[in-house]
Structures are given as structure tokens and as C-alpha cells.
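Undergrad: Mind looking at a prediction? Sequence and model below.
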Amino acid sequence: MDIKVPDIGDFKDVPVVTVLVSVGDTVAEEDALIELESDKATMEVPSSGAGKVKEIKVKEGDRVSEGDVIVVLEGTSGDSGDPDSGDSEGKSEEKAPAKEAPKAVEASGTATGPGDVHAEVVVLGSGPGGYTAAFRAADLGKSVVLIEKYDSLGGVCLNVGCIPSKALLHMAKVITEAEETAHHGLKFGKPEIDLDALRGFKNEVVGKLTGGLDGLAKQRKVKVVKGFGKFTGPNMIDVEGTSVSFDQCIIAAGSEPVALPFIPHDDPRVIDSTGALELADIPKRMLVLGGGIIGLEMACVYDALGSKITVVELMDQIIPGADKDVVKPLMQRIKGRYENIFLKTKVTGVEAKDDGLHVTFEDEKGESFSDTFDKVLVSVGRRPNGKKIDADKAGVAVDDRGFIAVDSQQRTGVSHIFAIGDVVGQPMLAHKAVHEGKVAAEVCAGEKRHFDALVIPSVAYTDPEVAWVGLTETQAKEQGIKVEKGVFPWAASGRSLSLGRSEGMTKLLFDPEDQRVVGGCIVGPSAGDLIAEVALAIEMGADAVDLGHTIHPHPTLSETVNFAAEMFEGTITDLMPPRKKKH
């Protein structure tokens with residue numbers, strides 16, 4: 001059976017941007033085979049029949065028109081090749097074509113039968129991805145049970161992660177802004193810090209959100225089971241003595257901070273991000289072990305509260321995932337505020353003594369030195385909780401690091417079990433988990449959905465904020481991808497100057513062939529909010545002219561995106577353009 005391009009309107013010679021199937025895949029009628037791009041919009045070409053892919057007639061970059069053959073199908077076993085044979089309505093068993101199908105292991109769990117509690121869909125973990133999956137499945141008519149180990153819904157993010165950290169970062173920003181206004185003629189007295197009240201504010205923010213989730217669960221008739229859940233069979237989870245059976249399950253078990261073996265984690269002066277957010281006290285001197293996003297956010301908080309901060313990072317820059325020029329303004333700022341920042345340096349030992357935590361360092365030359373701190377914040381990454389939930393008892397494969405492989409429908413190697421969020425791999429970000437949760441829930445309900453995001457933005461809510469999305473210059477160089485860039489320094493932004501923060505920068509990366517946006521980085525106040533425009537530009541296939549011709553309000557920080565595009569185009573008037581183009 002030849003599958004041809006259907007009527008696509010007046011478009012001809014439309015480029016193929018993605019081939020969604022491979023030879024040997026089994027497809028159902030209406031499954032998407034390829035993606036075309038026309039007039040800066042994408043469209044999927046569905047299969048007009050069911051069968052196995054015998055031959056693919058096109059590849060990415062080819063151009064097609066109505067009537068062109070794109071795929072040749074052959075009938076599968078028990079199927080005459082007639083697209084109307086068999087009953088495929090409502091099925092969600094089609095494996096996603098974009099990824100290799102994940103493998104299963106032999107289920108070692110033997111628990112069967114109805115549990116103490118049963119639901120069509122059970123979601124293990126109620127973080128942003130988990131509660132989103134549960135609520136979406138309920139909205140689609142499924143009976144749902146949501147399992148959560150914490151007393152409150154929301155998982156790590158709402159209880160001991162994203163939300164409480166942002167509440168404290170806001171307070172830290174107020175303190176530092178009050179300090180810095182002295183340079184502009186507005187002086188305040190030294191802040192009086194009431195730790196109990198500060199913790200109360202943080203807890204109030206968390207309580208409002210988690211309480212709201214409780215209400216939404218009740219409205220949707222989602223049953224919540226509290227306790228740590230572990231699989232005991234392919235269709236059963238034990239939650240501290242309560243058996244929960246299911247028809248389908250979505251694993252949203254999240255991750256936990258990495259613990260280092262040479263550090264005395266049982267000493268209360270050694271804390272992870274959860275301990276840092278408890279805000280037990282304000283140490284005089286604190287070491288932040290790890291120069292990544294979480295460590296630097298907590299460093300911002302404790303620095304503002306009065307701690308003397310030292311940061312140690314094994315790599316040659318802070319926030320190793322971002323371009324060096326983007327983190328440079330942050331590096332310059334904290335170098336002037338923190339006691340020390342040690343790069344290309346590792347910690348080889350921590351000894352707990354009465355007078356403090358004695359830390360031994362080793363620099364890139366192999367030379368050792370030591371220092372003593374009142375507290376050490378260990379922030380060297382997170383590990384997924386895949387191995388903690390006995391997923392193998394359900395037949396779900398977990399790799400040595402604790403990750404669970406899934407296809408683009410979030411399906412594991414066990415067809416009725418899905419996984420989302422931190423446990424399925426990088427990036428470990430709440431906003432990624434939310435979208436994965438919706439995909440998993442909708443596939444459980446029989447919808448043909450795939451997780452097909454082009455880009456996922458990353459943000460460090462430091463001061464200044466650092467945000468990036470899509471391709472970075474570092475990645476482009478490593479992968480041999482040619483890019484061109486437009487960079488607008490915030491020193492030329494009226495809005496940033498009026499904020500007293502001229503150190504920022506907006507950088508956009510473009511494909512030199514078609515001038516489409518392929519990546520972007522922003523450093524400065526509110527960078528985490530501004531990066532969304534760049535993400536949307538990439539998803540929509542916008543080019544430099546699209547951004548440059550979009551009227552942004554003035555004076556704002558958002559117009560720096562406009563200016564960066566104009567810097568690339570050579571049409572900017574607020575600065576001397578780096579090059580000129582004829583238009």
C-alpha cells in the first residue's frame with residue numbers, strides 16, 4: 001500500500017522536517033508518518049491505512065507535494081492490509097516511532113488480584129508531573145489514585161524544592177537591592193532578620209499551593225494514598241501495608257540529592273538542598289559544594305542573609321551547562337560578594353570537629369589546602385529514584401543510574417506502565433515533567449499523543465538570573481553545527497540601566513541557512529521570564545526578521561530579544577550594527 005501526501009492546500013514542494021517512523025514499525029490508520037513545514041508552520045501527514053512500514057520514500061530535507069509517495073506499507077500478521085480491518089478505535093498501544101522501544105525485564109513480583117484500593121490509573125508520586133498526570137487522567141474520565149510519600153501533595157518541587165527556594169530568593173533579592181540602592185542615593189538601615197517570620201513566609205507560600213492541590217484532587221475525585229509506594233507485581237503497588245492495584249500506572253517518583261561517601265552526612269552541619277531550605281540558622285561561613293544551579297541559588301540566599309560563602313566546583317566554570325560568556329556576569333557579581341570561588345577544584349575530605357567542618361581541597365595541579373566552615377551544603381546533583389520503587393517487580397527495566405527508559409508516549413517496556421519526570425532522564429526540570437505527565441495521561445485515555453517538544457528551557461534563579469534554551473554555542477561547537485549570533489548588551493538598555501543592573505546580556509543563535517532561531521541565552525534580572533519568548537520562537541520556527549519586526553513595549557527588558565535579532569540582522573539603531581545587510 002502506497003501512502004501518499006494528501007491534499008495540503010496550495011502548498012507545493014514542502015520540506016520534510018521530521019520522519020516519524022522507521023522500517024519495520026507497525027502503524028495504525030491516522031498515525032503520523034512525517035512532519036512537513038510550510039509558511040513557518042508544521043503539519044503532520046497521517047497514514048491512510050494500517051500495516052507495517054516496508055519502505056520509506058523520503059528523508060528529512062526532501063520536498064514533497066500532493067500525491068507524492070512517502071511510505072510503503074505491507075499488511076501485518078492477521079491483517080489483510082485493509083485499513084478498516086480490525087478494531088483500532090480507542091487503542092493507545094501504538095509504540096512511539098521517535099525513540100527505540102524501551103525494553104522490559106522479567107517481572108519478579110508475584111502480587112496479583114484486586115488490592116485494598118483499585119483504580120484504572122495509579123500515579124506514583126505527586127510532584128508537578130505526577131499531580132498533572134493524575135488530574136488530567138481524571139478529567140478524561142479515568143478513576144485515579146495518587147500516591148505520595150510526603151504529608152502534602154506537590155512532591156519535592158512544592159514542598160522542599162522549587163517553590164520554597166523561590167520564596168527565599170525573593171527575600172534575598174529584596175535585601176541585596178536595598179543594599180545597592182545606597183549607590184543611587186537611597187539608603188536603608190541594615191535589615192533585621194527574623195528567621196522564624198522568614199520561615200513562616202516560606203511555609204505559607206508552600207501551604208497555599210499544596211492546600212490548593214488537595215482541593216483540586218477532591219474536586220476531581222482523585223483518591224490520595226499517603227506513604228512510600230513500591231511495586232509488588234505488574235499491576236500492584238504496596239504503600240506501607242496498603243495494596244493498590246491498577247490497570248495502568250504512571251511512575252512519577254522523582255529524584256533525590258546525591259550523597260558523597262567521604263562526607264559525614266549524619267552531621268547536622270552537613271546539609272543538602274532540603275536542609276538548606278529549612279533555614280535552621282545563618283552560619284557565619286558556609287561552603288557550597290557544587291557550582292550548579294541549586295547550589296548557587298542557595299548561595300544567593302545565605303549570602304544575602306549574612307553568611308560568608310565559598311563555592312567549589314570541579315569544572316572550569318560555574319553552571320557548566322551554560323555558555324561561558326552567559327555566566328560571566330553572574331561570576332563577576334558573586335566574586336565581589338563571596339569569600340572564595342574555587343574552580344577546577346575538588347573536595348577530597350570533610351572531617352567533623354567541635355570547632356567546625358574541616359574541609360580538604362585539591363586544585364587542578366594536585367596541590368591540597370584546607371579550610372574550616374560552620375556548614376557545608378552538598379549540591380553535586382540529583383539521582384533518580386528508579387531503584388527505590390522496586391520497578392523490576394513489575395517488569396520495568398531500570399538502568400544502573402536509576403533511570404527508566406520510555407518512548408515518546410512515556411511508555412516503559414511494560415505496555416500499561418508509563419514513567420515521567422526526573423526518573424526518565426535529563427533535564428530534571430519540573431516544567432518538563434508537567435508536559436510529560438499530560439502526554440502519559442492522555443495516552444492512558446486512548447489519545448494518540450507524543451512528547452515532541454523541540455526545546456526545554458533551563459533557568460538559574462540566581463542574581464542575576466541565567467536562562468538558556470535550545471542550542472548553546474558550546475554545543476554547536478562540539479557538534480560541528482554552524483551558527484551565527486546576535487548579542488545585545490544590557491548596558492545599552494534603558495530599562496536595565498534604570499534598574500541599576502547593566503551587566504546583563506541577550507544572545508540569540510541563528511541557523512545561517514535560513515536565519516531561524518535555534519538557541520538563546522539571557523543573563524540579567526527576570527531572565528527566566530524572558531527566555532519563554534525565545535523558546536516559543538524556536539517552537540514556531542521564527543527567524544530573525546520575525547523577532548526584529550515584532551513590536552516590543554519600550555522601555556522593557558523584553559525588547560532586548562528584539563534588539564539581539566536586529567544585531568544579527570545588522571538593522572539595529574540603538575547601537576552601531578556589527579554588520580550591514582541590504583533589505
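TA: Arrived safely, thanks for sending.
Undergrad: C-alpha from now on. contacts and neighbour counts both.
TA: Fine.
Undergrad: immediately after the lowest-mean-pLDDT helix or strand in the chain, which helix or strand?
TA: Scoring the helices and strands of the chain by mean pLDDT, DSSP states H and E places strand 41-46 at the bottom, with a mean of 67. Later in the chain than strand 41-46, the nearest helix or strand by DSSP states H and E is strand 51-56.
Undergrad: That next one - contacts with which helices or strands?
TA: Packing contacts for strand 51-56, counted by 3 or more C-alpha pairs under 8 Å, 6 or more residues apart in numbering; DSSP states H and E, involve strand 26-27, strand 69-74.
Undergrad: Next secondary structure after the shortest one?
TA: Spelled out, it's strand 26-27. strand 32-38.
Undergrad: now swap in the last one and tell me
TA: The element immediately downstream of strand 69-74 (helix or strand, assigned by DSSP H and E) is strand 117-124.
Undergrad: Which stretches in this protein count as helices?
TA: 128-139, 155-160, 162-180, 195-219, 273-278, 293-305, 324-335, 430-444, 473-479, 494-498, 527-539, 544-549, 559-569 (DSSP state H).
Undergrad: and the shortest one, how far from the chain's centre?
TA: Distance of helix 494-498 from its chain centroid, counting by C-alpha atoms, centre = their mean, to the nearest Å, is 30 Å.
Undergrad: just the fourth one next, same as before
TA: Relative to the centre of its chain, helix 195-219 is centred 23 Å away, using C-alpha atoms, centre = their mean.
Undergrad: In contact with the most centrally placed residue in the chain, which residues are there?
TA: A centroid search over the chain (C-alpha atoms, centre = their mean) returns L429, at 2.8 Å, as the residue closest to the centre. L429 sits next to G421, D422, S458 when contact means C-alpha atoms under 8 Å, 6 or more residues apart in numbering.
Undergrad: Select from those the one having the most neighbours.
TA: Most neighbours among the contacts of L429, by other C-alpha atoms under 10 Å: G421, with 29 neighbours.
Undergrad: so who does that one touch?
TA: Going by C-alpha under 8 Å, 6+ apart, G421 touches G129, A252, A253, G254, M428, L429, A430, K432, A433, V434, E436, G437.
Undergrad: roughly how far apart are it and L454?
TA: According to C-alpha to C-alpha, to the nearest Å, G421 and L454 sit 17 Å apart.
Undergrad: Then T472?
TA: 14 Å.
Undergrad: more neighbours, those two?
TA: Taking neighbours as other C-alpha under 10 Å, T472 and L454 compare with T472 leading, 21 against 13.
Undergrad: Run me through the strand neighbours of the longest strand seen in the chain, direction for each.
TA: Across the chain, the longest stretch assigned as strand under DSSP state E is strand 242-251. Here strand 242-251 has these sheet partners by DSSP bridges: strand 117-124 (parallel), strand 236-239 (antiparallel), strand 417-419 (parallel).
Undergrad: Show me what counts as buried in the shortest one.
TA: What that stands for is strand 417-419. Of all the residues in strand 417-419, those buried under the rule 16 or more other C-alpha atoms under 10 Å are I417, F418, A419.
Undergrad: mind giving me CSV with the residues you listed and columns for pLDDT and distance to P384?
TA: Below are the buried residues of strand 417-419 laid out as CSV (pLDDT from 0 to 100; distance: C-alpha to C-alpha, whole Å):
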residue, pLDDT, distance to P384
I417, 97, 17
F418, 98, 15
A419, 98, 12
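Undergrad: Looking at those, spot the one nearest M315.
TA: Closest to M315 out of the buried residues of strand 417-419 is A419 (31.5 Å), distances taken as C-alpha to C-alpha.
Undergrad: picking up where we left off before, will you turn the buried residues of strand 417-419 into TSV that also has distance to L36?
TA: Rendered in TSV, the data for those read as follows (distance: C-alpha to C-alpha, whole Å):
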residue	distance to L36
I417	32
F418	29
A419	29
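Undergrad: So which of the residues you listed is the closest to A304?
TA: A419 (38.7 Å).
Undergrad: Assess the claim that G528 and D463 are in contact.
TA: No: counting by C-alpha atoms under 8 Å, G528 does not reach D463; the two are 11.2 Å apart.
Undergrad: any idea how far R516 lies from D543?
TA: For R516, the distance to D543 - C-alpha to C-alpha - is 4 Å.
Undergrad: what sits in contact with each of the two?
TA: Common contact partners of R516 and D543 (C-alpha under 8 Å, 6+ apart): F510.
Undergrad: Comparing the helices and strands packed on strand 51-56, which stretch has the densest surroundings?
TA: Of all these, strand 26-27 has the most neighbours on average by mean count of other C-alpha atoms under 10 Å, namely a mean of 22.
Undergrad: How far does it sit from its chain's centre?
TA: Distance, centroid of strand 26-27 to centroid of chain: 30 Å (C-alpha atoms, centre = their mean).
Undergrad: Can you tell me which of the strands paired with strand 242-251 is packed in deepest?
TA: By mean count of other C-alpha under 10 Å, the strands paired with strand 242-251 have strand 417-419 as the most buried, with a mean of 29.
Undergrad: I'm done for today, thanks for sticking with me.
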